[in-house]
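Q: one predicted model, sequence on top.
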Amino acid sequence: MPIQRPALSRALLIAALAVFPAAELWAQATATAVATTTPNLQMKEPELLALLRSDAPEADKALTCKYLAIHGSAAAVGDLAALLGNERLASWARIGLEAIPGPEADAALRKALETLSGRLLVGVINSLGVRRDAQAVGPLVKRLADPDAAVAAAAASALGRIATPEAGTALAGALAASGSPVARDAIAEACVVCAERLQAAGKRGEALALYDVVRLGDVSEQRKAEATRGAILVRGGDGIPLLVELLRSPVRRLANMGLFTARELGRGDRPDATLAAAVDLALLQEVAAGKNGGTAAERAALVIDVLAERNAGGSTAAVQSMLLESAASGPKSVRLAAVGALGRIGDAAVLAPLLAVAADPDPGFAIAAREAIAKLPGAAVDREIKDRLKTADTANLALLVGLVGDRRISAVAELVPLVGHGDAAVRSAAVKALGAVVDLPNLGVLIKQVVAAQGEADAAVARAALKEASVRMPDRDACAEQLAAAVTAGQGDTRIILLDTIGEVGGARALAALRTAAMSKEQSLEDAATRLLGKWMTADAAPVLLELAQPEAGCKFQTRALRGYIRIARQFVLPDGERAEMCRRALKVATDEVDQKAVLEILTRYPSAATLAVAEEAAARPGLEAEAKAAATAIKAKLPPTGR
């Protein structure tokens, strides 16, 4: 829909000038007059008019016009109108004239119609449209046939904004008489705007007549779509046949406008229960027609989406019944759309039908039904799923268990026995679901599944579930404690998996567990622990990494630990003194030239008195003199004099 620019109120102008001082800066950059002649927002009308009448630079006069939009009255109209023929100041003068209240500004703009041409005339016509001057309708109607296409288009637009019945009649006549597609489209757009404003003013008959002229005329698809939408909204219930016609249009733009209109008719800002029910009924008939396949099925799938949106707050029995019927049989596109819609507007009553769809051998239906059930609102749905767990056969049990996880239903007691079920699909579903719902006291169930997993597929499921469960535990330290105990008791690669999970959990206890593993003298554990510490996301890992980097620690991955420590100094937000001290300690440990230069780069990146002191100390270190002096020089150059 075309968006019309409303006239700026004085309050809006004041706010704009106060918030955006760009005009002030522009005046300062371009004006050559002394400061006392430069306009400002505090000047009152007499001062501004005196400046406008002076020989001040045009840049200052431009701003004066703008400020007169705020402070000006009828007394300023003559001076502003005198500038309407000035190529450089006309647009600025119109800003003032558009905002000044009273008939004087209207009269001045109408008078300018008689003397101007080209761009200046177009500007004045636009201003008359902004002011919605009803007395300008007659002169503007004459301009609809102007040989200058820009003037004619501006006149049409202004008449659309003025939006009197007389303006609408003139626009309708001009539309019928126009021979140019471009001009006809401009007039059609103005007709739609005029009709919208007539409708808003309560002149429904005049608005409808204008909409119909456009939608039945030889106009572009966009204008036809806009006018048809307007005609439907004005007609209300009587517009439903026209809505159906729009929905069935083979022209994509028109059909899309039908869908857009159907979403709001009887709903939204002006709800009308009777109209809404009638629209729903018409849409349901379109869904029923979709069973025939072809384009009707394609349309039905789109209409179902509209129905779901219209009934998001609670569907009627008729809508729910049709969606259930459509989900059970018919073209695949319609069935899938209906299944998805049921998930958006259904309740516990649609659970059983959706479970039946989920049993369809086509995996597309199974996936869609499961997603729909996961979205169904209400505790009643959760209760029914839990109840069905007790009696479900093996074929349906895996699905129900999966839904427990999807909906995060509190059903740990029901799931735990199922991790030992005889059916592999049920076992896998139970482990996955526990990842979503298990509590801390039962976390050991998942740890055991990781330890005892047989085969890569089962192991992958168990690892993913344990990680999901661990990272959502509210007590991170208690969670890490359980995982750490399992590492101590475990064997082989399982311990590495558990360490990876500990790394995801984070927190003080997890950090301590990784330190223990890194100091274990067992290479695989040291490797995993230092790898995880090297990407730790909080600065509290720094002391542990520095400890591991010391030669006396005996860690086989000292270099990795040191570089993890350096990473924290480089990347984390730290106080200047703390960062500098970390760099000092890193330089004491670093023996590799690459690591030494990395530390010096950190000092240069974060210049401060503290980092300067570290760089100057490093300059006394054999083999590092030149690089450290260069770093110190670079730091000094970045520091203000008081920081040296």
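A: Perfect, thanks for sending it. Residues are numbered from 1 along each chain as shown.

Q: show me where pLDDT drops low in the protein?
A: Residue ranges of the chain with pLDDT under 70: 1-37, 642-644.

Q: in stretch 310-323, what's buried?
A: For stretch 310-323, the neighbour count (16 or more other CB atoms under 10 Å) marks 310-311, 315, 319-320, 322-323 as buried. Bear in mind the C-beta positions are built from the backbone N, C-alpha and C, glycine included.

Q: correction: stretch 568-583
A: 568-570, 574, 579-583.

Q: in helices, which of these appear?
A: The members of the buried residues of stretch 568-583 that map onto helices under DSSP state H are 568-570, 579-583.

Q: between these, which sits nearest residue 168?
A: Nearest to residue 168 among these: residue 570, at 69.4 Å, using CB to CB.

Q: just give the nearest non-adjacent residue to the closest one, would you?
A: residue 602 (4.9 Å; CB to CB, 6 or more residues apart in numbering).

Q: element containing the one you found?
A: Secondary structure assigned from DSSP states H and E places residue 602 in helix 593-605.

Q: elements contacting the longest helix anywhere in the chain?
A: Criterion DSSP H: the longest helix present in the chain is helix 181-200. Contacts defined by 3 or more CB pairs under 8 Å, 6 or more residues apart in numbering; DSSP states H and E place helix 181-200 against helix 149-162, helix 165-177, helix 204-215, helix 221-235.

Q: tell me which of the ones you listed sits most buried.
A: Of all these, helix 149-162 carries the top mean neighbour count, a mean of 24, counting by mean count of other CB atoms under 10 Å.

Q: ok, back up a step: return the set of buried residues in the helix or strand following the helix holding residue 602.
A: Next in sequence after helix 593-605, counting helices and strands by DSSP H and E, comes helix 609-618. By neighbour count on 16+ other CB under 10 Å, the buried set for helix 609-618 is 610-616, 618.

Q: can you give me every residue that contacts the residue positioned nearest the centre of the chain?
A: Nearest to the geometric centre of the chain sits residue 309, at 19.2 Å (CA atoms, centre = their mean). Going by CB atoms under 8 Å, 6 or more residues apart in numbering, residue 309 touches 263, 344.

Q: how about residue 627, nearest residue that isn't a chain neighbour?
A: Residue nearest to residue 627 in three dimensions, not counting chain neighbours: residue 600, with 5.5 Å by CB to CB, 6+ apart.

Q: list the residues that contact the one you found.
A: 615, 618, 624, 627-628, 631.

Q: just the CA trace of stretch 116-126, in CSV.
A: What follows is stretch 116-126, C-alpha atoms only, in CSV (Å, rounded to 0.1, in the frame of the first residue of the first chain):
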residue,chain,number,x,y,z
LEU,A,116,4.7,29.0,-11.4
SER,A,117,5.7,26.2,-13.7
GLY,A,118,7.9,23.1,-13.7
ARG,A,119,9.5,21.9,-10.5
LEU,A,120,8.4,25.0,-8.6
LEU,A,121,4.8,24.4,-9.5
VAL,A,122,5.1,20.7,-8.6
GLY,A,123,6.4,21.7,-5.2
VAL,A,124,3.5,24.1,-4.5
ILE,A,125,1.0,21.5,-5.6
ASN,A,126,2.6,19.0,-3.1
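
Q: so which bits of it are buried?
A: Residues of stretch 116-126 classed as buried by neighbour count (16+ other CB under 10 Å): 116, 120-126.

Q: excluding chain neighbours, what is closest to residue 572?
A: Excluding its sequence neighbours, the residue lying closest to residue 572 (CB to CB, 6+ apart) is residue 539, at 4.9 Å.

Q: how close does that neighbour sit to residue 548?
A: Counting by CB to CB, to the nearest Å, the separation of residue 539 from residue 548 is 16 Å.

Q: higher neighbour count, these two?
A: Neighbours per residue (other CB atoms under 10 Å) separate residue 539 from residue 548, with residue 548 holding more: 26 against 16.

Q: list the contacts for the nearest residue to the more buried one once chain neighbours are set aside?
A: Closest residue to residue 548 apart from its sequence neighbours, by CB to CB, 6+ apart: residue 561 at 3.8 Å. By CB under 8 Å, 6+ apart, the residues touching residue 561 are 518, 530, 533-534, 545-546, 548-549, 555.

Q: what's the closest of those residues to residue 249?
A: Set against residue 249, the nearest of the contacts of residue 561 by CB to CB is residue 534 (62.0 Å).

Q: for that closest one, give its distance to residue 487.
A: From residue 534 to residue 487 the distance is 18 Å (CB to CB).

Q: okay, these two: which has more neighbours?
A: residue 487 (24 against 18).

Q: thinking again about what came up before, make JSON lines out of the buried residues of stretch 310-323 and add distance to residue 243 and secondary structure.
A: Shown next, in JSON lines, are the buried residues of stretch 310-323 (distance: CB to CB, whole Å; DSSP: H, G, I helix; E, B strand; the rest coil):
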{"residue": "310", "distance to residue 243": "13", "secondary structure": "helix"}
{"residue": "311", "distance to residue 243": "17", "secondary structure": "coil"}
{"residue": "315", "distance to residue 243": "20", "secondary structure": "coil"}
{"residue": "319", "distance to residue 243": "17", "secondary structure": "helix"}
{"residue": "320", "distance to residue 243": "22", "secondary structure": "helix"}
{"residue": "322", "distance to residue 243": "18", "secondary structure": "helix"}
{"residue": "323", "distance to residue 243": "20", "secondary structure": "helix"}
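
Q: that's all I had, so thanks and see you.
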